[in-house]
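Engineer: coords please:
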Amino acid sequence: MPLQAGIVGLPNVGKSTLFNAITNSQVEAANYPFATIAPNVGVVEVPDARIDRLTELFQPKKTIYTTFEFTDIAGLVKGASKGEGLGNQFLSNIRLTDAICHVVRCFDDPNITHVETTIDPVRDIEIINLELILADLQTVENRIAKVERKAKTKDKEAVAELSLLKRLQPHLEAGEPARTLEMDEEEQAMVKGYGLITMKPVIYIANTDEEGVSSPEDNVYWQQVKDYAARHDSEAVLLCAKMEEDLSGMDREEKQAFLDELGLPASGLDQVITRAYAILGLQTFLTAGPDECRAWTFRKGMKAPECAGVIHSDFQRGFIKAEVYRFQDMDELESEAAIREAGRMRMEGKEYVVQDGDVMHFRFNV
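Structural biologist: Residues are numbered from 1 along each chain as shown. Alright, predicted model coming up:
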């Protein structure tokens, strides 16, 4: 199942234009609030030059990239947590995602209306953040009402849960997201069950115009968003959603030439995906052969049997060994035979912690 990120923000900040770029599809992107009524979902391939190189060397029948799922959620407004605008139905969609991509308008255009009438990125961020916090506060208060009765019976688990909830409640009331509350491992496991929106990591996407992308140091709005993200231990990416939409219709060579002309190392969308992997603690291992070259997503710190289970549960259950080499070795030596001859092919056991870019062949028996 692909990882999921929800695209949120105020109306008319460029969410649907960004979604069009992500999926190379044409969802409605009209110039009025709530043009997006149902959440649109798109699954995109995660770009990976290593897979491109392995495909070049192995010439496989199939090449499969890992994927990331984006959900375009309708614009939220003040009072969304109480049902204003399109309200709680969209907050429930955010709860299902792994991360939040918060799109913030960072351009001036009198022809595109702003729901708050003026451009102020930090104000806009805080409007959305407050609504998400208020939605979580309601969840916590509802849970307290249920747990309190059980805690009175001296039930050990209920007492521990109530203690956590009683710490969460004032934290949220103070306008702080749940993710900033200090919790031990047991409490973090407990809070997962609540589906709190503000436990999710955030990438702030500053949507600007083409001039703003090419001169970021002169873009005052971008500097505000970047500083806000840094102060709140979050990620920030600058992009032009309209330009990204145009890029999505180009082939790879055209796209690279366009980026080179602007002096950009990667598209904004590629940066969003890279940052999403980073904040979620995700990495990629690879499998390669004449039948298939494929990228697989895993969580940093997973051991070889767990990564084998990413491919199939039988691989994990019957894991024996993993034959491993670094992608860099294949890039340099260009064949597995040459890697073996150079002594760079390794056999790893159950305690091996898989590294990003490992090329792996699993041996198992069930």
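Engineer: tell me where the chain has strands.
Structural biologist: Along the chain, the stretches classed as strands by DSSP state E are 3-8, 40-45, 62-64, 67-72, 99-105, 202-207, 235-239, 282-287, 292-299, 319-326, 346-348, 358-364.
Engineer: go through the ones you listed and name the closest to Leu54.
Structural biologist: Of all those, it is strand 292-299 that lies closest to Leu54, at 4.4 Å by CB to CB. Using the backbone N, CA and C atoms, a C-beta is placed for each residue, glycine as well.
Engineer: save the strands of the chain as JSON lines, and put in mean pLDDT, mean neighbour count and distance to Ala178 too.
Structural biologist: Output for these, formatted as JSON lines (pLDDT from 0 to 100; neighbours: other CB atoms under 10 Å; distance: least, CB to CB, whole Å):
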{"stretch": "strand 3-8", "mean pLDDT": "87", "mean neighbour count": "24", "distance to Ala178": "16"}
{"stretch": "strand 40-45", "mean pLDDT": "79", "mean neighbour count": "17", "distance to Ala178": "25"}
{"stretch": "strand 62-64", "mean pLDDT": "94", "mean neighbour count": "14", "distance to Ala178": "36"}
{"stretch": "strand 67-72", "mean pLDDT": "84", "mean neighbour count": "21", "distance to Ala178": "20"}
{"stretch": "strand 99-105", "mean pLDDT": "94", "mean neighbour count": "26", "distance to Ala178": "13"}
{"stretch": "strand 202-207", "mean pLDDT": "96", "mean neighbour count": "27", "distance to Ala178": "12"}
{"stretch": "strand 235-239", "mean pLDDT": "94", "mean neighbour count": "23", "distance to Ala178": "18"}
{"stretch": "strand 282-287", "mean pLDDT": "96", "mean neighbour count": "21", "distance to Ala178": "21"}
{"stretch": "strand 292-299", "mean pLDDT": "96", "mean neighbour count": "19", "distance to Ala178": "21"}
{"stretch": "strand 319-326", "mean pLDDT": "97", "mean neighbour count": "19", "distance to Ala178": "36"}
{"stretch": "strand 346-348", "mean pLDDT": "97", "mean neighbour count": "14", "distance to Ala178": "38"}
{"stretch": "strand 358-364", "mean pLDDT": "97", "mean neighbour count": "19", "distance to Ala178": "34"}
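Engineer: now the angle between strand 99-105 and the longest helix along the chain, please.
Structural biologist: For the chain, the helix that runs over the most residues, judged by DSSP state H, is helix 121-151. Between helix 121-151 and strand 99-105, the angle formed by their directions is 150 degrees, by axes from the mean of the first three to the mean of the last three CA atoms, to 10 degrees.
Engineer: helix 121-151 packs against which elements?
Structural biologist: Counting contacts by 3 or more CB pairs under 8 Å, 6 or more residues apart in numbering; DSSP states H and E, helix 121-151 is packed against helix 88-95, strand 99-105, helix 156-173, helix 220-231.
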